[in-house]
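A.B. asks: What shape does this take:
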Amino acid sequence: MAEILDPIITKDLAEAKAALARHGIVIIRYVETDLEPAVMTEVKNSVSSSSGVLREMDEQGLDKLMEGLRKTAMKSSKDLVRLHTRLLAQLGTERVEDLVKELDGIDRLFTWERVSKAVDPVNRKLVKAGFEAIRLSGAEAVSDAFALELNERWPVAFGRFRDLAREAAKKYAVPPTKTPPTKKAPPKKRTRSSKKR
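C.D. replies: Presented below is the predicted three-dimensional model:
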């Protein structure tokens, strides 16, 4: 596809793709390093505010619960990192038409609504143990830098890339070629020698 694109569009599209990938990688790094600690801060707040449930637990039981919740939060963060990494890898496709079909799905998964679902597995365990479910108030609960990347920089970079990709796909889409119907070969005429046989 790249070889038939206008050089200017090719350059703009490559730059927009690189910028989007950079912001995506920064988001992934924040999820990897900051999401689990943010979840565990809320977990500790929930546990400490439920003095009645705490009185019924011994220290060993509480330690075991907290360790289990920490591992669940870590796994949830890693699962999200894997998902985002897989989505970013789709930007590497050479066919613009194929990429355009995936753009809305990619954008929907790089949102706070999706990131905040990382608390769901933790909440299931927390509620089962008798504590209140937690909620991250927004991307700022992870970090201000993460909120800036996810809520401001990613949407701008994504919008630019999407517009360029759609323009390129529309302008350079190759219409499906119609194969001409195959003509049936005329029946062979029987010669005298073949009649004798």
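A.B. asks: alpha carbons only for contacts and neighbour counts from here, please
C.D. replies: Will do.
A.B. asks: what comes up buried for the longest helix seen in the chain?
C.D. replies: As assigned by DSSP state H, the longest helix anywhere in the chain is helix 59-89. Buried residues in helix 59-89, counted by 16 or more other Cα atoms under 10 Å: 65-66, 69-70, 72-78, 80-81, 84, 87-88.
A.B. asks: and if you look at stretch 156-176?
C.D. replies: Neighbour counts over stretch 156-176 (16+ other Cα under 10 Å) mark A157, F158, R160, F161, R162, L164, A165, R166, E167, A168, A169, Y172 as buried.
A.B. asks: go on, stretch 129-138?
C.D. replies: By neighbour count, and taking 16+ other Cα under 10 Å as the criterion, the buried residues in stretch 129-138 are F131, E132, A133, I134, R135, L136.
A.B. asks: Check the secondary structure at the second one for me.
C.D. replies: So that's E132. Three-state secondary structure (criterion: DSSP: H, G, I helix; E, B strand; the rest coil) places E132 in coil.
A.B. asks: For the closest residue to it other than its chain neighbours, the count of nearby residues, please.
C.D. replies: Closest residue to E132 apart from its sequence neighbours, by Cα to Cα, 6 or more residues apart in numbering: S46 at 5.9 Å. Close neighbours of S46, defined as other Cα atoms under 10 Å, add up to 17.
A.B. asks: Remind me which helix or strand S46 belongs to.
C.D. replies: In this assignment (DSSP states H and E), S46 forms part of helix 36-48.
A.B. asks: Next secondary structure element downstream of that helix?
C.D. replies: Toward the C-terminal end, the helix or strand that comes next after helix 36-48 (DSSP H and E) is helix 51-55.
A.B. asks: which regions of the protein sit below the pLDDT cut-off?
C.D. replies: 1-5, 94, 172-197 (pLDDT under 70).
A.B. asks: So which bits of stretch 139-159 are buried?
C.D. replies: Judged by neighbour count using 16+ other Cα under 10 Å, the buried positions of stretch 139-159 are A139, A141, V142, F146, A147, E149, L150, R153, W154, P155, A157, F158.
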